[in-house]
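1. the amino acid sequence is not available; the structure is as follows:
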């Protein structure tokens, strides 16, 4: 473990020294970007060739955004000479137009004027107008036009929207010289325009522009307004509001997702979405399968927070292109990319319990076409005396986890793109009673302990081709292979398991006639081989699902769009099945968006991995109605999800605000019921009766004063399942939850975050047949949780962050969380009845450094 730490620190020192040295080299070149009209790959070659010459180090023209990026030496050549060469080659600029005879001689595919039929050139500027273009800078430094950005004079009703190419023109007014630029997902800002002119506005953090400086920053989390599929995007900025050591802690500032412990001793966590456990939420990493199957209990802990670039959260059913397993929703995690972002990011975190996290992200460009990235993570905890409720058990297991991602990315700028890599995770945990020593007490009846040793290896690859002259058409292949191996014991209970998986997904997308009618279709394969040993019983399963899908996207107008998809799959255990899904978006008025969704989801339950209560209690396992040739003899879980949502953007306190309301309902036609209602027994059986979930949530985002972001939310759950013959509220689910988050940023780079959540009462499975000393209340109390963080960004290039924070500030934790803790080998021992925090207040501090 120490070798891991010293190795990471030594590598950090070496890379930092090299990076600082590299920053001192060659600063005489200047980088500039401007729009050049063109249409295809031949245009790209012609424009770049025309731009190159004496004094030009590099020229790169992007087909989609029409932006040319130039690296040149002003001492050797002027920008006007470069632009003249481009115009003489037949390509228009914003304020210069190529001669018609030169343009007409271009190949037909290069006739960009015929393609857009718009003459956006400065020769036609009205002397009483302000005209320009609004662009968005992406992570690669490329600029993309923003459609329907709002341009408005301050304190007037005079405003316009940008067109599909990002252009706008707005008449001057004597009432104001303050022009407001706004776009969903960004904070609005105002700047001064004294005279009619042509502007280029780039929405990016504190970026210097050619004609105007715009200090707009993207909101840390926002909902996509264009897609019919409603997705919330949580950016890296949102993740920095809390420590976010791993994925499970990334949702602490999100009101839609609950994160709780599976039990009181293993340290594993699960999410809840729409009132259902995380088993029903499809977790993907860059649209490849994420932790699933045996990795379910520890999967959220296996993705390091500093690795994450963004998270896309979709409630309800997602796209059929991503599979059939999403029932409550989908969470897709985007990791830091090799070709973009920081060359180096290092993070050190430590809390008062002694838990330490070390992270190192390295990225480098190997050549014009190849990039490489290395993500490293190591965490450890050696303190075996964390016992807040004094029951003699460690609240958190000790041990060490090391994980890494090494990948390579290829882009030839001619349509071909690829990436491949490996992932490795080694996780060793020891838990149980505070005086447990595995060398002395393992397999004994004197001291209770547990050990979980996990080794996970993944290989993945993606390859795709975008047709240069038809950028709407592409084909891609995704593949992944996983080997997950776990050796574990829980007191006298043995659980050893291995999972081997292979996944492939071939996707082709194009249009039908025009871009109002898009489609994507493909074939997929998911193969899983499970080998689980529970005490002396072996559970073997080989499951192969092969299928195809077709998804059609129709854009009737700016107001109405739809995504309709269907999958047809065959499961070797359960036969053939169809998965239809539908999403509709309607915007009757600007800023008022309605969405509806409906569809089917199906998954296979993994009863041991998804219910660690089997392993950490004296309950007897009982699988009822088992059939032959199925997963544990049980049927697949099938549910239908319907949802409706409304998103409204408006002005409040003269700043942008938004209101979101959504309602989702799940109805199970079959469910593998986990029944804890009989004391000393855990039963699994196919649903006989009703099982459903209703979820209602409303959320308000606003900025009452400059730089203070306020997020308020309320959520109501009604989740019931038939246990035996009785329809009961699902245990450990709070019906009522309220959420408040305050984020304030000062002008000198101090950031303050405060979050408070109210959790209502939860039903607890009955313990009435236990002796009275081992009984628990039927309903938990309600409680509040508070967290706060303060961070300071320093350095010449704002390259370092120092942060301190506190979780569970009120020091609330569940008392008596383990039933019969004093006799863990007795008949009433149970560590699965967790409804609240199992440890109290925790303080932490950390340091983060970036080199771009």
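-> Perfect, I can see it now. Here the structure is a predicted model, which is why all the values come from computation and not from measurement. Residues are numbered from 1 along each chain as shown.

2. please identify the residue most distant from the middle of this protein.
-> Most distant residue from the mean C-alpha position of the chain: residue 101, 50.5 Å away (Cα atoms, centre = their mean).

3. that residue should be in a strand, yeah?
-> No - counting by DSSP: H, G, I helix; E, B strand; the rest coil, residue 101 falls outside a strand, being helix.

4. at which residues are the helices of the stretch 101-250 of the chain located?
-> 112-116, 236-239 (DSSP state H, counting those that start in this stretch).

5. hey, least reliable of those by pLDDT?
-> Mean pLDDT per stretch puts helix 112-116 lowest among these, at a mean of 65.

6. which phi and psi values does residue 767 adopt?
-> According to degrees, to the nearest 10, the main-chain angles of residue 767 amount to phi -120, psi 20.

7. that one - how many residues pack around it?
-> Neighbourhood size, residue 767 [other Cβ atoms under 10 Å]: 20. For the C-beta atoms, the positions are set from N, CA and C on the backbone; glycine is no exception.

8. surely it is in contact with residue 731?
-> No - using Cβ atoms under 8 Å, residue 767 makes no contact with residue 731, being 11.5 Å away.

9. hmm, back to that, the residue farthest from the centre of the chain and residue 84, how far apart?
-> 17 Å (Cβ to Cβ, to the nearest Å).

10. do residue 106 as well
-> 18 Å.

11. between the two, tell me which one has more neighbours.
-> residue 106 (20 against 14).

12. ok, and the closest non-adjacent residue to the more buried one?
-> residue 90 (5.1 Å; Cβ to Cβ, 6 or more residues apart in numbering).

13. report the contact partners of the one you found.
-> With contact taken as Cβ atoms under 8 Å, 6 or more residues apart in numbering, residue 90 is in contact with 46, 98, 102-103, 105-106, 110.

14. again with residue 262
-> 268-270, 297, 612-613, 832, 834.

15. can you tell me the helix or strand for the residue most central in space within the chain?
-> With distances taken as Cα atoms, centre = their mean, the residue of the chain nearest its centroid is residue 311 (1.3 Å). For residue 311, the host element (DSSP states H and E) is strand 308-315.

16. just to revisit the earlier point, counting neighbours, which of the contacts of residue 262 comes out on top?
-> Busiest of the contacts of residue 262 [other Cβ under 10 Å] is residue 297, holding 26 neighbours.

17. show me the shaky parts of the stretch 501-650 of the chain.
-> Scanning the stretch 501-650 of the chain for pLDDT under 70 picks out 626-629.

18. hey, where'd the helices end up in it?
-> Counting by DSSP H, counting those that start in this stretch, the stretch 501-650 of the chain has no helices to list.

19. next: the stretch 351-500 of the chain.
-> Using DSSP H, counting those that start in this stretch, helices in the stretch 351-500 of the chain cover 438-441.

20. all strands for it, in order.
-> 356-365, 370-381, 398-411, 416-432, 449-466, 474-490, 493-512 (DSSP state E, counting those that start in this stretch).

21. okay, now the sheet partners of the third one, with direction.
-> It refers to strand 398-411. Strand 398-411 has its sheet partners listed here by DSSP bridges as strand 370-381 (antiparallel), strand 416-432 (antiparallel).

22. orientation of the longest one relative to strand 474-490 in degrees?
-> In terms of direction (axes from the mean of the first three to the mean of the last three Cα atoms, to 10 degrees), strand 416-432 departs from strand 474-490 by 10 degrees.

23. and stretch 639-659, which residues are buried?
-> 639-645, 647, 649, 655-659 (16 or more other Cβ atoms under 10 Å).

24. and the nearest residue to residue 370 once chain neighbours are set aside, what does it touch?
-> Ranked by Cβ to Cβ, 6+ apart and with sequence neighbours excluded, the top spatial neighbour of residue 370 is residue 410, at 5.7 Å. Contacts of residue 410 were listed using Cβ under 8 Å, 6+ apart, and they are 369-371, 416-419.

25. how near is the closest residue to residue 540 other than its chain neighbours to residue 458?
-> Setting aside the residues directly before and after it, residue 540 is nearest to residue 531 in space (Cβ to Cβ, 6+ apart), at 5.8 Å. According to Cβ to Cβ, residue 531 stands 18 Å off from residue 458.

26. repeat that for residue 276.
-> Taken as Cβ to Cβ, the span from residue 276 to residue 458 is 26 Å.

27. one more: residue 474?
-> From residue 474 over to residue 458 (counting by Cβ to Cβ), the distance is 25 Å.

28. for residue 510, same thing?
-> Counting by Cβ to Cβ, the gap from residue 510 to residue 458 is 31 Å.

29. now do residue 75
-> From residue 75 to residue 458 the distance is 50 Å (Cβ to Cβ).

30. what is the neighbour count of the nearest residue to residue 479 once chain neighbours are set aside?
-> Spatial nearest neighbour of residue 479, excluding adjacent residues (Cβ to Cβ, 6+ apart): residue 504 at 4.7 Å. Using other Cβ under 10 Å as the criterion, residue 504 is surrounded by 17 other residues.

31. with residue 498 instead?
-> Applying other Cβ under 10 Å, we find 16 residues neighbouring residue 498.

32. my read: residue 404 touches residue 423, true?
-> Yes - contact criterion Cβ under 8 Å: residue 404 and residue 423 qualify, at 7.1 Å.

33. quick one: which of the two has more around it?
-> residue 423 (21 against 18).

34. report pLDDT for the residue nearest to the more buried one when sequence neighbours are not counted.
-> Distance criterion Cβ to Cβ, 6+ apart; nearest residue to residue 423, sequence neighbours excluded, is residue 458 at 4.0 Å. Model confidence at residue 458, given as pLDDT, is 96.

35. again, but for residue 16
-> 43.

36. check residue 74 too.
-> Taking residue 74 on its own, its pLDDT is 85.

37. what is the neighbour count of the closest residue to it other than its chain neighbours?
-> Leaving aside its sequence neighbours, residue 74 sits nearest to residue 30 (Cβ to Cβ, 6+ apart; 5.5 Å). By the criterion of other Cβ under 10 Å, residue 30 has 13 neighbours.

38. for residue 30, list each beta-bridge partner.
-> Judged by DSSP bridges, the bridge partners of residue 30 are residue 72.

39. residue 505 now?
-> Residues in beta-bridge contact with residue 505 (DSSP bridges): residue 478, residue 524.

40. so it sits against residue 480, correct?
-> No - at 9.0 Å, residue 505 and residue 480 do not qualify as touching, with contact defined as Cβ under 8 Å.

41. that older thread, for the residue nearest to residue 540, name its beta-bridge partners.
-> Beta bridges link residue 531 to residue 498, residue 540, judged by DSSP bridges.

42. then residue 455?
-> Where residue 455 sits in a bridge, its partners, by DSSP bridges, are residue 426, residue 485.

43. what's the pLDDT at it?
-> 96.

44. could you do residue 97 as well?
-> At residue 97, pLDDT is 86.

45. that one is in contact with residue 87, isn't it?
-> Yes - if you go by Cβ under 8 Å, residue 97 and residue 87 touch, sitting 7.3 Å apart.

46. hang on, the earlier thing: and the strand holding residue 311, what's buried?
-> Neighbour-count burial for strand 308-315, counted by 16+ other Cβ under 10 Å, picks out 308-315.

47. what's the mean pLDDT across the following helix or strand past it?
-> Downstream of strand 308-315, the first helix or strand assigned by DSSP H and E is strand 329-335. Per-region confidence: strand 329-335 scores 92 on mean pLDDT.

48. tilt between strand 329-335 and strand 370-381?
-> Angle between the axes of strand 329-335 and strand 370-381 is 110 degrees (criterion: the same axes, to 10 degrees).

49. other SSEs contacting strand 329-335?
-> Applying 3 or more Cβ pairs under 8 Å, 6 or more residues apart in numbering; DSSP states H and E, we find strand 329-335 packed against strand 269-273, strand 281-285, strand 308-315.

50. partners of that strand in the sheet?
-> Checking strand 329-335 against DSSP bridges gives partners strand 281-285 (parallel), strand 308-315 (antiparallel).
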